[in-house]
Structure formats: structure tokens, C-alpha cells
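Q: For reference, the sequence and a predicted model appear below.
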Amino acid sequence: MLILMEPACPAEHVRAVLELLEASGIRAQLQDSGESVSLIAPHASKVFKADRLETLKGVRRVVPITSPFKLASLDAAAGRTVVEVRGVRIGGGELVLVAGPCGVESREQLFTTARYVAEAGVKLLRAGAFKPRTSPYSFQGLGEEGLRLLDEARREFDLGIVTEATEVETFDAVEACADLVQLGARNMQNFALLKRAGRSGKPVLLKRGPGATLEEWLYAAEYILGEGNRNVILCERGIRTWSAHARNTLDISVVPAAQGLTHLPVMVDPSHATGRRDLVIPCARAGVAAGADGILVETHCQPEKALSDGPQALLPSDFIRLVDECRRVHAALQVQHAGAGLAF
Ligand code: PEP
Ligand code: MN
């Protein structure tokens with residue numbers, strides 16, 4: 001159930017509702033958007049009828065959650081979730097760009113790339129220190145040394161850091177460094193890792209598994225939300241199909257489909273979705289046009305020397321073009337939105 005409280009309802013009324021639920025063994029999470037306060041209690045309907053809770057002081061309305069996604073579904077929140085990452089608001093209508101090399105390879109590589117990413121006005125730098133690789137013989141990332149370099153890059157260029165946690169054992173170290181913790185496609189159903197991320201105070205970017213349906217992806221988000229972390233961003237990064245011309249197939253329709261089911265922000269990663277530099281910009285534009293809340297893209301100062309994902313990394317000049325074109329597509333949609341009163 002979603003229990004919506006009256007505007008400016010006193011804290012003791014909220015506490016009284018929480019205590020009543022807890023006394024019946026019902027776990028509830030407090031959601032405070034700044035404008036409204038609500039309680040989300042997925043199992044409350046097993047014990048209480050909505051009209052009983054509506055008699056409590058301060059309760060405005062009780063909405064049953066019929067969706068199987070008790071925490072991620074649209075009816076589980078009073079509005080769309082905006083996830084704040086080092087001052088950048090994701091899901092609030094702005095187009096957010098996240099960019100950087102696939103992995104941290106050296107100080108020089110990271111800093112050279114971070115410099116032009118920051119100069120393009122992008123506020124979030126993404127690079128893996130722990131790399132999940134298909135082959136155990138491929139570059140696995142610099143590990144803790146990579147995290148140290150990311151920390152330095154944050155200070156040097158005033159950028160938020162997005163980096164991947166690949167296992168529970170190293171989660172603490174990644175969490176300490178990251179402003180946004182990425183959970184990769186291969187780990188979308190690593191339930192221990194999802195739950196650990198759910199206990200983190202840091203926001204989480206959850207990539208869609210290469211073979212996962214939208215439902216499976218949302219259930220994965222439920223694992224994180226269920227532990228109390230409300231700051232989850234979904235990221236479509238291509239799925240495996242019969243199509244052989246690209247690394248994966250970008251599932252554009254999942255963007256509006258997900259937004260129709262969940263209050264969580266949805267981003268698009270055109271780099272892993274295609275694996276080909278020449279396809280990245282068109283697919284990024286498509287992601288923005290489909291209504292994605294942000295684009296996550298790989299770029300490298302010298303892609304031919306990259307230790308991972310070089311063929312999909314944008315050259316610095318291509319990256320500048322991507323930023324410009326994505327912003328223009330986003331701005332065109334805003335104008336159309338405002339002018340024609342259309343709801344995208
Ligand atoms: C990455 O972001 O570098 C990565 C490994 O992505 P994915 O988990 O989508 O394959
Ligand atoms: Mn990569």
C-alpha cells in the first residue's frame with residue numbers, strides 16, 4: 001500500500017502510522033520528496049484495509065499497489081523518482097550525460113579523458129576500476145588503484161564518479177569512492193550484490209541483463225529497493241538477439257515501456273548496446289528521442305590503445321558531437337512539448 005500523508009503533516013502522525021504498521025509486523029519505508037510525505041508498505045494489505053488506515057490522523061489517502069513490483073511500480077510513489085548524484089538530478093526532466101572510458105587504465109588516460117568530458121559540460125565521469133570481462137585473460141581493471149585515481153579525478157575536475165561494483169567482497173571500497181554505484185548487466189541477477197547495494201547510502205545504476213525481460217529487470221530493482229535504498233536508476237544497454245551486425249540490440253521501446261511501469265529514471269547506454277563507434281551517436285539520439293532520462297556513453301582519449309571496449313569508444317571529437325546532438329534532440333522535444341502541449 002502507498003499511504004499518502006497530508007501536506008505538512010506533523011511528524012508524530014507519521015510516527016504513529018509507522019508504529020501501528022510495525023506492531024503488526026509490517027515493514028514500511030518513508031518517502032519524503034520535499035513536497036509530500038508518504039509511506040510505502042508493500043504487505044500492509046495483508047493485515048489492514050485501506051479505509052482503516054485512512055481513519056488515522058494525518059493520512060490523506062491510501063492507494064493499494066496491485067502491481068507485482070511493489071516498490072518500483074508507478075503506484076508505489078507519489079511522483080517520479082529524481083535521483084541526485086553530486087548535485088546532478090536524474091529523472092527530473094533534464095537530460096543527464098554520463099561519460100568516460102570503459103576502464104581506468106592509467107592516470108594519464110583517465111585525466112586526459114576526464115578533462116574533455118568536463119569541458120563539454122558533462123558532470124558525471126564513468127570508468128570501471130573493477131571490470132567484469134567475458135574472458136578471464138582480458139584486462140580486469142586496476143582495482144583499488146583505479147578507485148584512487150577516480151577519487152583524484154573527482155577533485156581535479158569537479159566531476160561525480162560513476163563506477164562499477166562487481167562483487168560483494170569489494171563493494172565497500174567501490175561504495176566509498178563512487179557517487180553512483182553501477183551494477184553491470186552480468187550481475188543483474190546477482191541477488192547478494194543487489195541486496196548489498198540496497199543497504200548502501202549511495203545511489204545505484206542498475207543495468208539490464210543481456211537476456212533479461214523488463215519484468216526481470218524490475219524485480220532486480222525490487223531487491224535493491226527492498227533493502228531501503230530508494231535511489232535506483234535503470235539503464236538499458238542492449239540485449240542479445242539474432243542480429244549479428246552489432247554487439248547487442250538496443251531495445252528502444254523498453255524506455256517508454258519501463259517508464260510506463262516504474263517511477264524510477266531510465267537511462268540508455270548506446271556504447272555496450274552497439275559495440276561499434278559508428279552506431280553510438282545515432283543510437284544515443286534515439287535514446288534521447290525515446291524519452292530516456294540520460295545517456296551513458298564510453299569515450300577514450302586514444303581508443304586504439306584502450307585495454308577494453310576500444311571499438312565502441314568515441315574519439316574526443318565524436319564525443320563533443322554526441323553531447324551537442326543529444327542536447328539538441330532533447331531541446332527540440334522540450335519545445336514541442338511546451339508548444340503543442342503534448343505529453344511524451
Ligand atoms: C561497462 O559499463 O563497461 C560494462 C561492462 O557494461 P555492461 O555491464 O552493460 O556490459
Ligand atoms: Mn565497457
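A: It's in. Numbers count the residues shown, from 1 in each chain. Ligands and ions are numbered 1, 2, ... in the order given.

Q: C-alpha only now, for contacts and for neighbours.
A: OK.

Q: tally of neighbours for the residue of the stretch 1-150 of the chain found nearest ligand 1?
A: Taking Cα to the nearest ligand atom, ligand 1 has its nearest neighbour within the stretch 1-150 of the chain at C102, 4.7 Å off. Using other Cα atoms under 10 Å, C102 is surrounded by 26 other residues.

Q: isn't it right up against L296?
A: No. Counting by Cα atoms under 8 Å, C102 stays clear of L296, with 10.8 Å between them.

Q: What's the local residue count around G34?
A: G34: 6 neighbours (other Cα under 10 Å).

Q: That one: what secondary structure?
A: Of the three states, G34 takes coil under DSSP: H, G, I helix; E, B strand; the rest coil.

Q: got the contact list for it?
A: Going by Cα atoms under 8 Å, 6 or more residues apart in numbering, G34 touches no other residue.

Q: per-residue confidence at it?
A: Per-residue pLDDT puts G34 at 78.

Q: Can you give me the distance of it to L71?
A: 19 Å (Cα to Cα, to the nearest Å).

Q: All the helices of the stretch 101-250 of the chain, residue numbers only.
A: For the stretch 101-250 of the chain, the helices defined by DSSP state H, counting those that start in this stretch cover 107-119, 144-157, 171-177, 191-198, 214-226.

Q: V168 contacts L194, correct?
A: No. Under the criterion of Cα under 8 Å, V168 is not in contact with L194, lying 9.0 Å apart.

Q: Of the two, which one has the most company?
A: Applying other Cα under 10 Å to V168 and L194 shows that L194 carries more neighbours, namely 26 against 15.

Q: List the contacts of the more buried one.
A: Going by Cα under 8 Å, 6+ apart, L194 touches M188, A220, A221, Y223, I224.

Q: Pretty sure V14 is one of the things Q31 touches, is it not?
A: No. Contact criterion Cα under 8 Å: Q31 and V14 do not qualify, at 11.0 Å.

Q: of the two, who's got more company?
A: Counted by other Cα under 10 Å, Q31 and V14 do not tie: V14 has more neighbours, with 21 against 17.

Q: what about the more buried one, distance to V323?
A: Counting by Cα to Cα - V14 and V323 are separated by 44 Å.

Q: just A185 next, same as before
A: 24 Å.

Q: from what I can see E84 touches E94, true?
A: No. Counting by Cα under 8 Å, E84 stays clear of E94, with 11.9 Å between them.

Q: residues in contact with stretch 59-74?
A: Surrounding stretch 59-74, the residues in contact under the criterion Cα under 8 Å, 6+ apart are 1-6, 40, 42, 45, 50-51, 53-54, 75-77, 80, 218-219, 221-222, 225-226, 260-264.

Q: go on, stretch 272-291?
A: Outside stretch 272-291, the residues that touch it by Cα under 8 Å, 6+ apart are 95, 236-239, 246-250, 252-253, 255-256, 268-271, 294-295, 309, 311-314, 322, 325-326, 329-330, 333, 344.

Q: now do 6 Å
A: Defining contact as Cα atoms under 6 Å, 6 or more residues apart in numbering, one finds that stretch 272-291 is touched by 237-238, 246-250, 268, 270-271, 311-312, 314, 322, 326.

Q: Tell me which of these fall in strands.
A: Using DSSP state E, the members of the contacts of stretch 272-291 that fall in strands are V268.

Q: Quick check: nearest residue in space to the spatially most central residue of the chain, chain neighbours excluded?
A: The chain has I233 as the residue nearest its centroid, 2.1 Å off, counting by Cα atoms, centre = their mean. Using Cα to Cα, 6 or more residues apart in numbering and skipping the chain neighbours, the partner closest in space to I233 is L205 (4.7 Å).

Q: what does Y219 give?
A: F69 (6.6 Å).

Q: okay, now that neighbour: neighbour count?
A: 20.

Q: three-state assignment of it?
A: Quick answer, by three-state DSSP: F69 is coil.

Q: Now it, what are its backbone angles?
A: Main-chain dihedrals, F69, degrees, to the nearest 10: phi -90, psi 80.

Q: Distance check, it against L264.
A: Per Cα to Cα, F69 is found 12 Å from L264.

Q: Let's see the pLDDT reported for the spatially closest residue to G160 that is not a sequence neighbour.
A: In space, and not counting its chain neighbours, G160 is closest to L124: 4.5 Å by Cα to Cα, 6+ apart. On the pLDDT scale, L124 is placed at 99.
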